[in-house]
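[1] sharing a sequence plus its predicted fold:
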Amino acid sequence: MVFATTLRSSAPALSKRITKTSLKSLSSTRQFSSDSKHAKPTNFATKCASLYHPSAKANRGLAPPVYFGSTYLLDDADHGARLHDKKEAAFTDEDGFVYSRWGSPTNEACAKQIAALEGVEESGGTLLFGSGMSGITSALMSVLKAGDHAVFPYTVYGGTHEFLKEFAIHWGVEIDFIDGAGAGGPEAYKSAFRENTKVVYCETPANPTCRITDLKGVGKVVDEFYGKREVNANRPWVMVDGTFATPYHCRPLDFEGVDVSIQSCTKYLGGHSDILAGSVSSESPQFCHGLAKVQKLITAPLNPMDSYLLMRGIRTLDVRMQRHGENGIQVARMLEEHPLVESTFYPGLASHPDNKGGAEGCLVKDSFRSGRDSPEDAEIMPQTFGGMIAFIVKGEGDVALERAKKVCEGLRVVNLAVSLGSVESLVEHPASMTHAMIPREDRIAGGLDDGLIRISVGIERASDLVEDLKSSLDRVMEEEREREDSVA
């Protein structure tokens, strides 16, 4: 084996032959590579280009390391052949990794943690993507083709709706939208079923109205109409976007008939407004195979650094979600009583249309487990309902629109910004911000009133948030009174 270097001048190239004797002496020094087949380089250029590794026990650090490598050393040619011949899946096996577009160690470590939260660590698995939308589109592209049909709720996330309208229908996929919320949701889905239906898509709680989907009922009507998957391989895939609830409150795959759970990990799982990430989980190896192929060839896995940050965020998910819920109910109660607020949508309020006070068939109770692993946990773990609230200020048309904008702009603790699920509280006014480009008639039909405001309640002191929102609402009322008095 010869290592050679070329000088950056007119001097002749120098080379040094590594003999068996010199190789033996090199092996007694600190190993520069984890592969004992490689010799320690002696020439400058080769030293620059070589891979130096820490000592063998460096992997004993408590926090998982971040692997930035794009490619991985192979034992031999047969090892490479095996890796390239493998069927795509959520996780690797004992042969390890070959190329980071097909998966990487830090990404897989994080995916396995989310798989544990979703309840699929023993079968199927979880794949991570560079955003929630990347996860959603990858899941849909893995099972839909021209001529297929899919059913979605009217209140589906705006990005998902845009993908369907701007891409899916132009690829020949047929789409129906239904009102999937509440006790009547399952029958509404059933009314849209066709022979070519391949996806039944749910979002619960809905964005931004916080309405609940009866996942048990949806799974049941799909099973009754098409049969279970072991009987009918062409049965539609039931997918659930559970971003608002997270696995802390709702594990969609616990409901019989549900196949796929989707999370925008940018939100609560990451929890700090510093990454974009998405996860897709399923107990089905068949689905995971198709999803992994889409990820490998069309989209991409979540990068190592964001995978690490996501893992770090998840470590505090349990305690953060409890605080979000404790704050959320206090904010919601104040809003419900404020004279400028027409209506408040929060699952923890008795006024929520899907809250039957915990009685049999109460969708709120079934959808908010509050981190409990067993019924006995209820004695020591308080019931909470998440941190997402929507409310509508009073008024019609432009009056409500302007009032809502002023309320948002008058906040001094809550931040005016899109997204949700972070430690800091966020507020947005869909009509003038995220949905301003949608015709008013379409927006209203989708439940986004002119005066609707959405709040993502953070983990600040609850009294600070309550006072901030109340003060902003009060100021809007006071300014209107002053204008009326001046005119009079």
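    Right, received. Where do you want to start? Numbering: from 1, shown residues only.
[2] where are the low-confidence patches of the stretch 251-400 of the chain?
    Within the stretch 251-400 of the chain, no stretch has pLDDT under 70.
[3] now do the helices in the stretch 201-350 of the chain.
    For the stretch 201-350 of the chain, applying DSSP state H, counting those that start in this stretch gives helices covering 215-226, 246-249, 285-297, 304-314, 317-337.
[4] I'd like those as a markdown table, with mean neighbour count and distance to Ile169 appended.
    Heads up, the C-betas are built off the backbone N, CA and C, glycines and all. Output for the helices of the stretch 201-350 of the chain, formatted as a markdown table (neighbours: other Cβ atoms under 10 Å; distance: least, Cβ to Cβ, whole Å):
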| stretch | mean neighbour count | distance to Ile169 |
| --- | --- | --- |
| helix 215-226 | 20 | 23 |
| helix 246-249 | 24 | 31 |
| helix 285-297 | 19 | 19 |
| helix 304-314 | 22 | 31 |
| helix 317-337 | 20 | 36 |
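[5] to Glu479, which of those helices lies closest?
    Glu479 lies closest, by Cβ to Cβ, to one member of those: helix 317-337, at 19.2 Å.
[6] test my guess that Glu283 contacts Gly124.
    Yes. Taking Cβ atoms under 8 Å as the definition, Glu283 is a contact partner of Gly124 at 3.9 Å.
[7] give me the more crowded residue out of the two.
    Gly124 (23 against 19; other Cβ atoms under 10 Å).
[8] redo the helices of the stretch 201-350 of the chain as a markdown table? Include distance to Leu140.
    As requested, the helices of the stretch 201-350 of the chain are exported to a markdown table (distance: least, Cβ to Cβ, whole Å):
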| stretch | distance to Leu140 |
| --- | --- |
| helix 215-226 | 17 |
| helix 246-249 | 21 |
| helix 285-297 | 9 |
| helix 304-314 | 22 |
| helix 317-337 | 26 |
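[9] how far does stretch 434-450 sit from the chain's center?
    Distance of stretch 434-450 from the chain centroid (Cα atoms, centre = their mean, to the nearest Å) equals 24 Å.
[10] now it: buried residues?
    Thr434, His435, Ile438, Arg443, Gly446, Gly447, Leu448, Asp449, Asp450 (16 or more other Cβ atoms under 10 Å).
[11] ok, for the fifth one, nearest residue in space, not its chain neighbours?
    If the residues on either side of it in the chain are set aside, Gly446 comes closest to Tyr154, at 5.5 Å by Cβ to Cβ, 6 or more residues apart in numbering.
[12] strands along this structure, start to end?
    2-5, 14-17, 125-129, 149-153, 174-178, 197-203, 237-241, 260-263, 278-282, 341-345, 388-393, 415-416, 426-428, 452-456 (DSSP state E).
[13] I'd like to know which of these lies nearest to Gly325.
    Comparing the strands of the chain under Cβ to Cβ, the one sitting nearest is strand 388-393, at 10.1 Å.
[14] ok, of the buried residues of stretch 434-450, which one's closest to Asn196?
    Of all the buried residues of stretch 434-450, Gly446 has the smallest distance to Asn196: 25.7 Å, by Cβ to Cβ.
[15] separation between the closest one and Phe152?
    Using Cβ to Cβ, to the nearest Å, Gly446 is found at 12 Å from Phe152.
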